[in-house]
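J.: need coordinates for the below:
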Amino acid sequence: MSLFLSLTPRAEAWDKFKQYIKVGPHESETVNICDAIDCILAEDIISPADLPGFARSTKDGYAVRASSTFGASQGLPALLTLRGRIRMGEQTKLSLGQHECAAIATGGMVPEGADAVVMIEMCEAIDDETIAVTHSVAPGENVVGAKEDIASGTLMLSQGRRLRPPDIAALAAMGVPEVKVAVGPKVAVISTGDELVDIWDTPLPGQVRDMNAYSIYSAIKACGGRPKLWGIVKDESLAIQEIIAKAHRESDMVIVSGGSSIGERDFTRESIEALGDPGVLIHGVAIKPGKPTILAVAEGKPVFGLPGHPMSSLVVFNLFVAPAIAMWMGGTLFRRETQARLSANVASIIGREDYVSVKLRIEDGEVWADPVFTKSAAISGLVCADGIMRIPDDVEGVEKGDRIRVTLF
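T.: You can find the predicted model right below:
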């Protein structure tokens, strides 16, 4: 058997692989904005109108011409004539002149002639028609202009943006009830290994349930993809080749869990190579866990060979599969991260990136990260962890007390 596995730096592996991924969106659908949260926009959103569309007050108080208040103080207030009250939601027909004012609530329409609002705390009613203003205001103070929020024709949200709650609010404010969003790729998930049994079965000695398929399935859904479980395939060359070929024909991406290491019965690489050009681009990445990763492209479709251990599988998924799905949809990958101080020394080797599970805790107002030292075959380390820390390939470990960045699960 030839020794075909060599280790490529993680960044170099991604750069070589991503050039074959055709940036999307490849498919799209129109959805109600109520269902658009976390979706990736497949179109630019241009504001159809000015927002708010009229000058609005941001405070409870009195609409005024700012010049009418210049020089006002506690000892010498500006005396203004009250012309009326402006109710919320009404279109006022008032027009204010110099030394005139109108009572207004937050969100109310600023009348013609007024260019500022004096907060109610700075005013005192002398009688039913006279208001004393004890502080001056500048033009535009406590007022949002008719097009100050969003001007008509403004590019508000760009294609490729992952929609957040504030974005949904903006769409609602602009009167955009539906948007076109990217549809995720169809991703086949294939498990290989004679030791695997379905989760409904009771494992015999030497067997384990197929946990990876379900963690990968969930990770794909979290990225916006459309996963499909293709079941468990035994370590037989023909069986693996047939199922990978069929999954490749019917999917946009293929993930094979297990069988990426070098061994007499590891047939994953040869089956992937048979799918088409350019074939396997990377076999072996300088990371721990996840060294025997396969990155391939066949007939324009990405194909991944993930290690069989659960920790390794998820690390590799986050490093390569998740950003590939985001690119396919025309977006960029968003990672939730936080900073913490490391609570123990963690060793590493120059030339390899290490990924270590950590559990976060707060002590004396500071976030600390406790390393979770478990083997990549153990699921317990992932269950009790809050995220993963990365040790760069140019350092020999990280010391207790060092500040680190944690990518949250």
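J.: could you use CA atoms for every contact and neighbour count after this?
T.: OK.
J.: among the helices and strands of the chain, which has the poorest mean pLDDT?
T.: Taking mean pLDDT, DSSP states H and E as the measure, helix 380-383 is the helix or strand of the chain with the lowest mean score, a mean of 79.
J.: could I get that helix in PDB with only the CA atoms?
T.: Taking Å, rounded to 0.1, in the frame of the first residue of the first chain, the C-alpha atoms of helix 380-383 are listed here in PDB:
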ATOM      1  CA  SER A 380     -18.000  13.500  27.100                       C
ATOM      2  CA  GLY A 381     -15.400  16.200  26.500                       C
ATOM      3  CA  LEU A 382     -17.600  17.900  23.900                       C
ATOM      4  CA  VAL A 383     -20.800  17.600  26.000                       C
END
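J.: how far does it sit from its chain's centre?
T.: 23 Å (CA atoms, centre = their mean, to the nearest Å).
J.: for the helix or strand just after that helix, packing partners?
T.: Proceeding N to C from helix 380-383, the next assigned helix or strand is strand 387-391, under DSSP states H and E. With contacts taken as 3 or more CA pairs under 8 Å, 6 or more residues apart in numbering; DSSP states H and E, strand 387-391 sits against strand 353-363, strand 403-408.
J.: can you name the next helix or strand after the longest helix seen in the chain?
T.: Among all segments of the chain classified by DSSP state H, the helix with the greatest residue count is helix 237-250. Per DSSP H and E, helix 237-250 leads on to strand 253-257 as the next helix or strand towards the C-terminus.
J.: hmm, who's touching that following strand?
T.: Counting contacts by CA atoms under 8 Å, 6 or more residues apart in numbering, the residues outside strand 253-257 that touch it are 185-192, 212-213, 244, 247-248, 268, 301-308, 313.
J.: change it to 7 Å
T.: If you take CA atoms under 7 Å, 6 or more residues apart in numbering as the criterion, strand 253-257 is touched by 185-192, 247-248, 301-308.
J.: again with stretch 272-279
T.: Taking CA under 7 Å, 6+ apart as the criterion, the residues outside stretch 272-279 that touch it are 245, 280, 296-299.
J.: please, a PyMOL command that selects the buried ones among those?
T.: Isolation of the buried members of these (16 or more other CA atoms under 10 Å) is achieved in PyMOL through the command below:
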select buried, resi 245+280+296+297+298
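J.: which of the contacts of stretch 272-279 fall within strands?
T.: 280, 296-298 (DSSP state E).
J.: thinking again about what came up before, got the helices and strands packed on strand 387-391 as TSV, with mean neighbour count, mean pLDDT and distance to Pro371 columns?
T.: Below are the helices and strands packed on strand 387-391 laid out as TSV (neighbours: other CA atoms under 10 Å; pLDDT from 0 to 100; distance: least, CA to CA, whole Å):
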stretch	mean neighbour count	mean pLDDT	distance to Pro371
strand 353-363	19	95	4
strand 403-408	18	95	11
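J.: dump those strands to JSON lines, plus distance to Phe334.
T.: Putting the helices and strands packed on strand 387-391 into JSON lines (distance: least, CA to CA, whole Å) gives the following:
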{"stretch": "strand 353-363", "distance to Phe334": "18"}
{"stretch": "strand 403-408", "distance to Phe334": "10"}
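J.: could you point out which of those sits nearest Gln159?
T.: For these, the distance to Gln159 is smallest for strand 403-408, at 25.7 Å, taking CA to CA.
J.: quick check: angle from the closest one to strand 387-391?
T.: Orientation check (axes from the mean of the first three to the mean of the last three CA atoms, to 10 degrees): strand 403-408 against strand 387-391 gives 140 degrees.
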